[in-house]
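Colleague: pasting the structure only:
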């Protein structure tokens, strides 16, 4: 009896993992397309419109092209690490999605299925651990390339992550002080019943947003891959699908950090002005997932919008912003939050 | 130094105040500017589906003309070849035989007439030189090709469709060209 139950659970989770991984890959694919389209539209161009209707098959064409490119491993590179780099980048990018609550429960095949792969108590800490591991993919790949541009890109990525992870973590501490727990699911439930966290932590959100741009290596913080100074940075020596993995990992990271921002600050799968308990469970789940996706799309658009507006920081400006502005600001935010909580809980 | 235009502006080098050092207001302003470009009209023309309209005096591919009865105007006099600054035109003349009066307007005609479109500079001097209104430049341009030899256009490729047998194709090839009878 116990064994049978376990099998069903494993099967359920495996299907869920498959769906989440496939969905992340699909979304990342179409994010590349959206990026090109948004860039074009913001620059008064038309963007890719040749492959398929409205150019919708463009990501497939891009992927196919990457697959058929020659696989080049530089002679003097460390071959094992050279291959490990992109794999690690991809793996860590995918791993974060494990703790994200995609929606409320659904009732299927006589079972209550939670739309979350793993509801662990330290959800947000897990996300942080995995996200900061993502930089190892970049560092290892850049070091193994045996190319000075790559190495500089990797160094920049490492120092950038260290500088911004701190501010991000501190801004999150203030949020956790408000919510009182680390589980992502509990945070969403809390926001469903009360205010969204953005109302309680506007400054914290701003810091978190800026830092997540830096963590995703997105403009204005895309120094690790600065095309015009480092000719591609850490992926200079990469070709074919290994390059594809790096580029893909970036988009998956973008997707995941959009989901996390939506979950932490914008109520996750909570639809505003709708009482989820009033409608049937199945519809509530569908509504929840689509609302979360709408928020994610909005964030992804924001990522692209910023990319095509703000030019890249200089390296010293990046460090100055990180250490001299964001960290003190995050500390200030944390202290004020603590003081307010103390005052009201007295 | 005196400015050449009245567009020169003095750069403000005062240290930034607090609001400016926060960057956020200017970033938001910049984002608003990029956002407004979403609604701008795009200047791009979807080329193969839509083409830019040409003016009636556009000098494109050559057309060898026929008269109203469908006879070729060209007499292979060679004035176009002489006028051509790029030396793109070659021709061979032939004498009209009995019974060919419905094909060629005068006793002499061009048996072979070739223009090398890679040499041609589309200046239109051939059109100006022609005393018989036998050649003119149309509103189309030479399409791309894979081989050089494909760009040497033969007489058959440049000859206008027959005005009586294929009136629609003739009218289309004629386009906006003003018909002048010699």
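Modeller: Everything's here; your move. Note that the structure is predicted; figures quoted are calculated from it, not measured. Numbering: from 1, shown residues only, chains lettered A, B, ... in the order given.
Colleague: all contacts plus neighbour counts: C-alpha atoms, from now on.
Modeller: Noted.
Colleague: okay, the closest residue to residue B:54 other than its chain neighbours: pLDDT?
Modeller: With CA to CA, 6 or more residues apart in numbering or on different chains as the criterion, residue B:54 has its nearest non-adjacent residue at 6.4 Å, and that residue is residue B:139. pLDDT, residue B:139: 82.
Colleague: contacting residues for residue B:139?
Modeller: B:54-61, B:175 (CA atoms under 8 Å, 6 or more residues apart in numbering or on different chains).
Colleague: max-length helix in chain B?
Modeller: Under DSSP state H, the helix in chain B containing the largest number of residues is helix B:24-36.
Colleague: is chain A contacted by that one?
Modeller: Yes. Using CA under 8 Å from any CA of the partner chain, we find that helix B:24-36 touches chain A at B:27, B:30-31, B:34-35.
Colleague: what about that helix, distance to the chain center?
Modeller: Here helix B:24-36 is found 43 Å from its chain centre; the criterion is CA atoms, centre = their mean, to the nearest Å.
Colleague: name the residues of that helix that come out as buried.
Modeller: B:30-31, B:34-35 (16 or more other CA atoms under 10 Å in any protein chain shown).
Colleague: next secondary structure element downstream of that helix?
Modeller: Per DSSP states H and E, the first helix or strand lying C-terminal to helix B:24-36 is strand B:62-64.
Colleague: give me the contacts around that following strand.
Modeller: B:72-74, B:134-138, B:155, B:158-160.
Colleague: against chain A, which of those make the cut? List them.
Modeller: Within these, nothing lies near chain A by CA under 8 Å from any CA.
Colleague: from those, which is closest to chain A?
Modeller: Nearest to chain A out of the contacts of strand B:62-64 is residue B:138 (CA to the nearest CA; 29.6 Å).
Colleague: burial count for the residue nearest to that closest one when sequence neighbours are not counted?
Modeller: Nearest non-adjacent residue to residue B:138, counting by CA to CA, 6+ apart: residue B:60, 4.9 Å away. For residue B:60, the neighbour count with other CA atoms under 10 Å in any protein chain shown is 18.
Colleague: just to check, residue B:60 is in contact with residue B:142?
Modeller: Yes. At 7.4 Å, residue B:60 and residue B:142 qualify as touching, with contact defined as CA atoms under 8 Å.
Colleague: among the contacts of residue B:139, name the buried ones.
Modeller: B:59-61.
Colleague: distance to residue A:47, secondary structure and neighbour count for the contacts of strand B:62-64 - can I get that in TSV?
Modeller: Converted to TSV, the contacts of strand B:62-64 look like this (distance: CA to CA, whole Å; DSSP: H, G, I helix; E, B strand; the rest coil; neighbours: other CA atoms under 10 Å in any protein chain shown):
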residue	distance to residue A:47	secondary structure	neighbour count
B:72	48	strand	24
B:73	48	coil	23
B:74	48	coil	25
B:134	45	coil	20
B:135	41	strand	24
B:136	39	strand	20
B:137	35	strand	21
B:138	32	coil	20
B:155	41	helix	17
B:158	37	helix	17
B:159	40	strand	18
B:160	39	coil	23
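Colleague: now do residue A:4, the pLDDT please.
Modeller: For residue A:4, the pLDDT comes out at 57.
Colleague: what does chain B put close to chain A?
Modeller: Residues of chain B lying near chain A (CA under 8 Å from any CA): B:27, B:30-31, B:34-35, B:37-38, B:40-44.
Colleague: let me have these in a markdown table, adding distance to residue A:195 as columns.
Modeller: Converted to a markdown table, these look like this (distance: CA to CA, whole Å):
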| residue | distance to residue A:195 |
| --- | --- |
| B:27 | 28 |
| B:30 | 30 |
| B:31 | 28 |
| B:34 | 32 |
| B:35 | 29 |
| B:37 | 34 |
| B:38 | 33 |
| B:40 | 37 |
| B:41 | 40 |
| B:42 | 42 |
| B:43 | 45 |
| B:44 | 46 |
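Colleague: out of the residues you listed, the closest to residue B:96 would be?
Modeller: residue B:44 (51.1 Å; CA to CA).
Colleague: quick one on the thing from earlier: tell me which residues touch the residue nearest to residue B:138, please.
Modeller: Counted by CA under 8 Å, 6+ apart, residue B:60 has contacts B:122, B:137-142.
Colleague: from the residues you listed, which land in strands?
Modeller: Judged by DSSP state E, the contacts of residue B:60 include residue B:137 as members of strands.
Colleague: understood, closing this out.
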